[in-house]
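Asks: Below is the structure, and that's it, no one-letter string:
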């Protein structure tokens with residue numbers, strides 16, 4: 001770890017990427033403190049005190065939603081747009097063809113995703129303007145409030161999407177994951193202060209220790225599963241081209257237990273919170289009762305959360321891992337898996353292995369996702385409600401991915417030095 005930290009400041013290219021990422025993060029945090037015009041802070045605090053659905057969603061924005069800033073929706077519209085586009089890529093033939101056209105096709109799909117992000121942000125901004133009517137300043141025109149809110153939130157979400165793409169292209173790590181990571185980490189001091197207040201108010205200190213111990217166990221489990229992989233050995237036959245002999249060596253294919261990383265749980269959270277957020281805008285007692293059931297911590301929320309994580313784990317693995325294509329590439333270069341015939345039998349074997357691994361990964365993600373809610377019900381400590389399994393998985397996963405990418409840069413730098 002010390003080598004990774006020192007490497008950031010010793011290597012000019014890596015230092016530039018780190019400072020660029022840090023600059024984008026600072027801009028993201030500053031935007032979270034610029035309020036939308038026409039909001040009364042006192043009424044806003046009262047409005048958010050009525051439920052925990054938006055409080056849970058606020059975790060992804062680092063407090064920007066509770067302050068109702070121009071970045072109140074954060075990266076969520078972009079994530080929702082990405083989910084929709086990935087689903088449409090499977091259903092729509094034109095998009096499926098674009099996904100197979102290499103870099104140009106991916107750029108076109110990314111362009112469609114940006115357009116869809118703007119549309120979703122405008123739609124959510126329109127709904128939030130109606131919901132925030134109760135927090136509007138006295139004497140303020142609702143028409144101007146609605147127009148300003150939609151424009152501000154749409155522009156803010158578009159800017160956050162731009163920040164994430166700039167981080168991905170010029171910085172370190174995945175931009176969307178990095179901004180969510182920053183938003184979660186920025187909330188930790190407030191969670192600690194709330195816990196201290198609860199303990200001073202008579203809450204059980206043993207309950208707090210049990211909750212913290214469960215977090216430590218989850219962190220260890222996350223690291224083990226994230227690093228766990230099944231190595232499939234591939235042997236390459238010897239072949240003579242001219243006077244040179246190629247092949248003859250063996251290598252392996254590393255198949256990770258959790259192929260999708262933190263993506264399935266981010267997708268599941270976004271999809272599950274979207275209808276709950278929209279329903280919150282409808283002032284109907286029946287609808288509000290349903291919202292309380294599907295809100296974070298509710299029984300239905302945990303059930304659907306479990307199911308959606310399973311679905312997105314398999315879905316993400318299916319779109320990122322193609323056993324047929326991998327089997328063809330192994331056969332093309334004269335390789336084979338020991339005991340398995342090249343071609344279709346290899347593809348079937350790889351599909352069988354990845355299916356079993358994905359089952360273990362999905363079961364782990366889904367189980368650990370509902371564990372904090374169970375522990376909170378047992379200990380009655382709710383100050384870390386935002387810092388649940390979703391937050392831990394994202395924080396640990398992004399941190400590990402960040403360290404891994406830095407180590408890759410360091411190794412590449414060492415090899416460049418040897419070649420020079």
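Replies: Great, that's in hand. Quick caveat: nothing in here was measured; it's all calculated off a predicted structure.
Asks: Assign the one residue sitting closest to the centre of the chain to helix, strand or coil.
Replies: Central residue of the chain (CA atoms, centre = their mean): residue 266, 4.0 Å from the mean position. Recorded secondary structure, residue 266: helix (DSSP: H, G, I helix; E, B strand; the rest coil).
Asks: these two touch, right, it and residue 394?
Replies: Yes - contact criterion CB atoms under 8 Å: residue 266 and residue 394 qualify, at 6.6 Å. The C-beta positions use only the backbone N, C-alpha and C, and glycine is treated the same way.
Asks: shared neighbours of the two, anything?
Replies: By CB atoms under 8 Å, 6 or more residues apart in numbering, residue 266 and residue 394 have these common neighbours: 177, 180.
Asks: Would you map the strands across the stretch 101-250 of the chain?
Replies: Under the criterion DSSP state E, counting those that start in this stretch, the stretch 101-250 of the chain contains strands at 229-236, 239-241, 244-246, 250-256.
Asks: Going by neighbour count, which residues in the first one are buried?
Replies: Neighbour-count burial for strand 229-236 flags 232, 234, 235, 236 (criterion: 16 or more other CB atoms under 10 Å).
Asks: again with stretch 215-231
Replies: Here stretch 215-231 shows 215, 218, 221, 222, 225, 226 as buried, counting by 16+ other CB under 10 Å.
Asks: how about the strands of the stretch 301-420 of the chain, start to end?
Replies: With DSSP E, counting those that start in this stretch applied, the stretch 301-420 of the chain shows strands at 335-337, listed in chain order.
Asks: got any ranges where it has weak pLDDT?
Replies: Along the stretch 301-420 of the chain, segments meeting pLDDT under 70 span 380-390, 412-420.
Asks: residue contacts, the residue nearest to the centre of the chain?
Replies: In this structure, residue 266 makes contact with 79, 177, 180, 390, 394, judged by CB under 8 Å, 6+ apart.
Asks: Also residue 25?
Replies: Contacts for residue 25 (CB under 8 Å, 6+ apart) come out as 178, 179, 182.
Asks: Got a PyMOL select line for the buried ones in these?
Replies: In PyMOL, selecting the buried portion of those, with burial taken from 16+ other CB under 10 Å, looks like this:
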select buried, resi 178+179+182
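Asks: how many neighbours does residue 261 have?
Replies: Neighbourhood size, residue 261 [other CB atoms under 10 Å]: 22.
Asks: isn't it right up against residue 396?
Replies: No - here residue 261 lies out of contact with residue 396, judged by CB under 8 Å, at a distance of 10.3 Å.
Asks: Pull up the overlap in contacts between these two.
Replies: Residues touching both residue 261 and residue 396 comprise residue 226, with contact defined as CB under 8 Å, 6+ apart.
Asks: What residues of the helix or strand harbouring residue 16 count as buried?
Replies: For residue 16, the host element (DSSP states H and E) is helix 12-31. When burial is assessed from 16+ other CB under 10 Å, helix 12-31 yields the following buried residues: 14, 17, 18, 20, 21, 24, 25, 28, 29, 31.
Asks: And stretch 319-329, by the same measure?
Replies: Of the residues in stretch 319-329, those buried by neighbour count under the rule 16+ other CB under 10 Å are 321, 323, 326, 327, 328.
Asks: ok, and for stretch 202-216, which residues are buried?
Replies: When burial is assessed from 16+ other CB under 10 Å, stretch 202-216 yields the following buried residues: 203, 207, 208, 211, 214, 215.
Asks: so which of those would you say is closest to residue 139?
Replies: For residue 139, the nearest member of the buried residues of stretch 202-216 is residue 203. The distance, counting by CB to CB, is 42.4 Å.
Asks: Please report phi then psi for that closest one.
Replies: Backbone geometry at residue 203, expressed as degrees, to the nearest 10, gives phi -70, psi 150.
Asks: per-residue confidence at it?
Replies: Per-residue confidence at residue 203 stands at 71 (pLDDT).
Asks: just to revisit the earlier point, now distance to residue 194 too, for the buried residues of stretch 215-231, in TSV please.
Replies: What follows is the buried residues of stretch 215-231, written out as TSV (distance: CB to CB, whole Å):
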residue	distance to residue 194
215	15
218	20
221	25
222	24
225	29
226	29
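Asks: nearest to residue 42, of those residues?
Replies: For residue 42, the nearest member of the buried residues of stretch 215-231 is residue 215. The distance, counting by CB to CB, is 33.9 Å.
Asks: The closest one and residue 189, how far apart?
Replies: Remark: distance between residue 215 and residue 189 (CB to CB, to the nearest Å) = 16 Å.
Asks: go on, residue 182?
Replies: For residue 182, the distance to residue 189 equals 13 Å [CB to CB].
Asks: about what we covered before: please render the buried residues of helix 12-31 as JSON lines that adds distance to residue 348 to the earlier fields.
Replies: Output for those, formatted as JSON lines (distance: CB to CB, whole Å):
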{"residue": "14", "distance to residue 348": "42"}
{"residue": "17", "distance to residue 348": "41"}
{"residue": "18", "distance to residue 348": "44"}
{"residue": "20", "distance to residue 348": "45"}
{"residue": "21", "distance to residue 348": "42"}
{"residue": "24", "distance to residue 348": "44"}
{"residue": "25", "distance to residue 348": "45"}
{"residue": "28", "distance to residue 348": "46"}
{"residue": "29", "distance to residue 348": "49"}
{"residue": "31", "distance to residue 348": "50"}
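Asks: of the residues you listed, the lowest pLDDT goes to which?
Replies: By the confidence score, residue 14 is the least certain of these, showing 79.
Asks: these two touch, right, that residue and residue 407?
Replies: No - taking contact to mean CB under 8 Å, the distance of 10.6 Å between residue 14 and residue 407 leaves them out of contact.
Asks: on that earlier part again, and of the buried residues of helix 12-31, the nearest to residue 249?
Replies: So of the buried residues of helix 12-31, ranked by how close each gets to residue 249 (CB to CB), first place is residue 14, at 31.3 Å.
Asks: If we ignore the residues flanking it in sequence, what's nearest the closest one?
Replies: Nearest residue to residue 14 in three dimensions, chain neighbours excluded: residue 409, at 5.0 Å (CB to CB, 6 or more residues apart in numbering).
Asks: any idea how far that neighbour lies from residue 401?
Replies: When CB to CB is the yardstick, residue 409 and residue 401 sit 13 Å from each other.
Asks: What of residue 350?
Replies: For residue 350, the distance to residue 401 equals 24 Å [CB to CB].
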